[in-house]
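Asks: sequence and predicted structure, then a few things I'm wondering about:
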Amino acid sequence: MTKNFLISLDNFTSGRIHTMITSAFSHVEFRHLFSNMIGLYLFGDRIQAIFGPKFLLKLYMAGALGGSIFYLVHKGYLLSFSKDWRTQAQARIPALGASASVNAIILLDIFLHPRSIIYANFFIPVPSMLMGAFIIGHDLWRVMQGEREISGSAHLGGAAVAGLAWLRIRKGRF
């Protein structure tokens, strides 16, 4: 599991670059898997209906890759520039999960439908544009606070993929 399904600086520098994708298919807790699959189902269904299943798969994989890249760059930065042993130890912690991929799918849907309504916690109506700003802002806050258990940097990688996909779609090149 550690060598093949966790993204980490150690795996990357050891040549196990496949973990940049395989980490998006592994979860430790059922709650983590469940929340990611709910997001994938609710938002992926609409993306698939518009663009097809191949596009959805490509977006998921690109989100995984983007999340891994942002995660590795952030951890590498922490390791290189911090002299605090706690920060350096935190930079070596591996990550896993589909959150960056699902974030790419959710945010692309939000970018495509900014005036639609999303039901936060399944019953609180929120304009999707506001929800998208909250998601990105919350992940930026996580990065600034030191990313304890959830990687805001990986989520932001998924957000960047959504932004790039949205720009390509707007230019007619998807």
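Replies: Received, thanks. Numbering: from 1, shown residues only.

Asks: can we go C-alpha only for contacts and neighbour counts from here?
Replies: Will do.

Asks: mind giving me the packing neighbours of the helix or strand bottoming out on mean pLDDT in the chain?
Replies: When the helices and strands of the chain are scored by mean pLDDT, DSSP states H and E, helix 85-91 comes last with a mean of 80. Helix 85-91 sits against helix 53-81, with contacts defined as 3 or more CA pairs under 8 Å, 6 or more residues apart in numbering; DSSP states H and E.

Asks: from the chain's centre, how far out does the least confident helix or strand of the chain sit?
Replies: 22 Å (CA atoms, centre = their mean, to the nearest Å).

Asks: using PDB, write down the CA coordinates of it.
Replies: Output of helix 85-91 as PDB, limited to C-alpha atoms (Å, rounded to 0.1, in the frame of the first residue of the first chain):
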ATOM      1  CA  TRP A  85      11.600  19.900  12.400                       C
ATOM      2  CA  ARG A  86       7.800  19.600  12.700                       C
ATOM      3  CA  THR A  87       7.200  21.100   9.300                       C
ATOM      4  CA  GLN A  88       9.800  19.000   7.800                       C
ATOM      5  CA  ALA A  89       8.300  15.800   9.300                       C
ATOM      6  CA  GLN A  90       4.800  16.900   8.000                       C
ATOM      7  CA  ALA A  91       6.300  17.400   4.500                       C
END
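
Asks: what residues of that helix count as buried?
Replies: Gln88, Ala91 (16 or more other CA atoms under 10 Å).
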